[in-house]
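[1] quick one, fold the following:
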Amino acid sequence: MEMKALVIEKPGVAQVQTVPVVPLGENDVRIKVKASGICGTDVHIFRGEYLGGYPVIPGHELSGVIDEVGAKVTRFRAGDRVAVEPNISCDSCHACLGNRQNFCERWNAVGVTLPGGMAEYVVVPEKAVFNIGILPFLVGAFVEPLSCVLHGVEQAGIKLGDRVLIMGAGPIGILLSKVIQLRGASEITQIDLNRSRLELAETNGAAKVYTSLEGLKRDSFDVVVDASGAVSLMERAPDFTRKGGTVLWFGVPKRDAKLQLPAFTIFEKGLFLLSSYTSVRNSIQAMDLLEKGKIDVAPLVSHQLPLEDFAGGVEIIEKGTEGVMKVMVLPA
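    Predicted coordinates for the structure are as follows:
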């Protein structure tokens, strides 16, 4: 069986090819992909700035319909509408046994080290699949990014009444804002160079928005979250965090990026410095929030493109043009 797939041959080179569908194992399901979001990680993979090797079929934010199930699959059948948790852990190494599956010693990920959702079909283990019921496929594809956001916010320990600064107002920045509001933050301030994104941030609950850090009061936020991965912003986060406050670096920087931080300032302020990597068993939470309507992601989808336009989608994201937020690839 063959299919159309977007293959990144090497950094900067991607094209649609006809390739074999991955064989179905007895514990696997084969999914006909309906929507696959272009994530910042996909951009880094395309540019040669992330984990994994080449060639690779990207796409780790995906939803679709099960086409066939393996002989030992019990939770699903053909026709079920599902989303995928792309991080595949071995469940038996020291990290997994300590409930740190995101640091699995034999970690793999759909769309990073394994063939992903920028294709007509994807094959994944049953344990990585979640039923989305009647949710639209474009919404179901947000299960993975939302699960990562939930993990990050849990790491930061945001409390009732906290004042939070979010640096970046792209899709992840908006998701962070929505989840942090659910945690009971009293006020969210958001910065971004893109004014259209700031308008969306305001409609989604940000109390104050700025196009730069210059208008902000230093030492004034309980928690500062970087959602950009931009070194220039990551380095400034401690400046705006109150004494005893928390910095969460959430955005994905380039793989070779280096930070220069004010060591004495961090010491003197007694800051908690955190990073967040993927998620740990947060997909169930993400599904519940989406199903119950607690998190509305539909307004975040700005573009829907065919496989052939993947590189164009990446370019739009990098330039921040055309009111871009979440770009969805529809393989069908």
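
[2] what does the host helix or strand of I284 contact?
    I284 belongs to helix 283-291 when assigned by DSSP states H and E. By Cβ atoms under 8 Å, 6 or more residues apart in numbering, the list of residues contacting helix 283-291 from outside reads 83, 85, 130, 132-133, 135, 139-140, 142-144, 146-147, 150, 182, 294-295, 297. No exception for glycine: its C-beta is placed from N, CA and C like everyone else's.

[3] please enumerate the helices of the stretch 201-332 of the chain.
    231-234, 263-269, 283-291, 310-319 (DSSP state H, counting those that start in this stretch).

[4] which elements pack onto the longest one?
    Judged by 3 or more Cβ pairs under 8 Å, 6 or more residues apart in numbering; DSSP states H and E, the packing partners of helix 310-319 are strand 28-38, helix 40-47, strand 301-305, strand 326-329.

[5] show me which residues of that helix are buried.
    310, 313-314, 316-317 (16 or more other Cβ atoms under 10 Å).

[6] what is the nearest of those to G170?
    Set against G170, the nearest of the buried residues of helix 310-319 by Cβ to Cβ is I317 (8.4 Å).

[7] would you agree that closest one is in contact with V43?
    Yes: counting by Cβ atoms under 8 Å, I317 touches V43, with 6.0 Å between them.

[8] tell me, what's touching these two both at once?
    With Cβ under 8 Å, 6+ apart, I317 and V43 have no common neighbours.

[9] name the single longest helix found in this structure.
    helix 143-156 (DSSP state H).

[10] now do that helix, average pLDDT.
    Mean per-residue pLDDT for helix 143-156: 97.

[11] just checking, what packs against it?
    strand 61-69, strand 81-84, helix 171-182, strand 221-226, strand 241-249, helix 283-291.

[12] and the next helix or strand after that helix with helix 143-156, angle?
    Going down the chain from helix 143-156, the next helix or strand is strand 163-167, by DSSP H and E. Calculated by axes from the mean of the first three to the mean of the last three Cα atoms, to 10 degrees, strand 163-167 forms an angle of 130 degrees with helix 143-156.

[13] quickly run through the sheet partners of strand 163-167, with directions.
    Paired with strand 163-167 in the same sheet, following DSSP bridges, are strand 187-191 (parallel), strand 221-226 (parallel).

[14] residues of the helix holding I284 that come out buried?
    283, 285-287, 289-290.

[15] from the chain's centroid, how far away is that helix?
    Offset of helix 283-291 from its chain centre (Cα atoms, centre = their mean, to the nearest Å): 14 Å.
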